[in-house]
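In: no FASTA, just this:
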């Protein structure tokens, strides 16, 4: 199969892209285990892409139990260079009501129980992560959202919580006091791994609710979230259709060389299996 340069990860409520002309369905076994589901390879708006539902079809996997490493490495195995992700989220701002799309640029990590690096004992690497989102990819998505007529906000800070429970009211008020914009359970983990895999990553945060900081409103409910989720998914698909034709051009960002100076373990000290598992990145720096 020819490399697929564009990847799309669908979050809650987005388990397929119905307008995609399907070329193949690929189930991969990665050095880090099995991805959430099979990768659907196809064309949309004249561009080839690989689609993966983050939670699996039927929404089988909660945030903590998603194999993020396998998902991102599977994309790497397919040749993906850019990933666009969606994710349902709660809002901390009155000006970001349900239905708004936020193109993220920063994260705050509140996770506790998940693997979020390809490296470990035998391979120590410290990748730069001050700006976790690819600015070029974010700019393409912003322009696409405007063309699609979506209610979009460029830039926003996402609190990544562990879940699967929603926030307590005290937590929600704390995160709001920090100046955060939205809260979700998945996107930061993907961004970390994409940086190590030298894949450009950008996320469209789809606001479904106001979390639990607004005492004047009813608390967030599953019913309310699901009601907004369907509309948000359609908006995401419209943005993807606009963006995909622009994503095949050569990359002009720092993401492709993110690991160039990150590895501090001497080459002779990296175990053979670790080097083999991470070869798609390490081999270019021999």
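Out: Thanks, I have the structure now. Please read these numbers as outputs of a predicted model, since none were measured by experiment. Numbers count the residues shown, from 1 in each chain.
In: Residue 213 belongs to a helix?
Out: No - counting by DSSP: H, G, I helix; E, B strand; the rest coil, residue 213 falls outside a helix, being coil.
In: My read is that it contacts residue 169, right?
Out: Yes - look at residue 213 against residue 169 with Cβ atoms under 8 Å: they come within range, at 7.0 Å. (C-beta placed from N, C-alpha, C; glycine too.)
In: Of those two, which one has the most company?
Out: residue 213 (21 against 13; other Cβ atoms under 10 Å).
In: Now the phi/psi pair for residue 173, please.
Out: Dihedral pair for residue 173: phi -70, psi -40, per degrees, to the nearest 10.
In: List the residues that contact it.
Out: Shown in contact with residue 173 (Cβ atoms under 8 Å, 6 or more residues apart in numbering): residue 213.
In: try residue 239
Out: 101, 141, 144, 145, 148, 150, 204.
In: List the beta-bridge partners for the first one.
Out: With DSSP bridges as the criterion, the beta-bridge partners of residue 101 are residue 152, residue 206.
In: and if you look at residue 8?
Out: Beta-bridge partners for residue 8, by DSSP bridges, are residue 51, residue 84.
In: That one: neighbouring residues, count only.
Out: Burial of residue 8 is recorded as 27 neighbouring residues (other Cβ under 10 Å).
In: Same check on the one 4 residues further on?
Out: Neighbours of residue 12 under the rule other Cβ under 10 Å: 24.
In: quick one: what helix or strand has the residue lying closest to it once chain neighbours are set aside in it?
Out: Once flanking residues are discounted, residue 12 sits nearest to residue 88: 4.3 Å by Cβ to Cβ, 6 or more residues apart in numbering. Residue 88 belongs to strand 82-91 when elements are defined using DSSP states H and E.
In: Now that strand: average pLDDT?
Out: In this model, strand 82-91 has a mean pLDDT of 96.
In: how far does it sit from the chain's center?
Out: Distance, stretch centre to chain centre, for strand 82-91: 6 Å (Cα atoms, centre = their mean, to the nearest Å).
In: What of stretch 76-92?
Out: With Cα atoms, centre = their mean, you get 3 Å for stretch 76-92.
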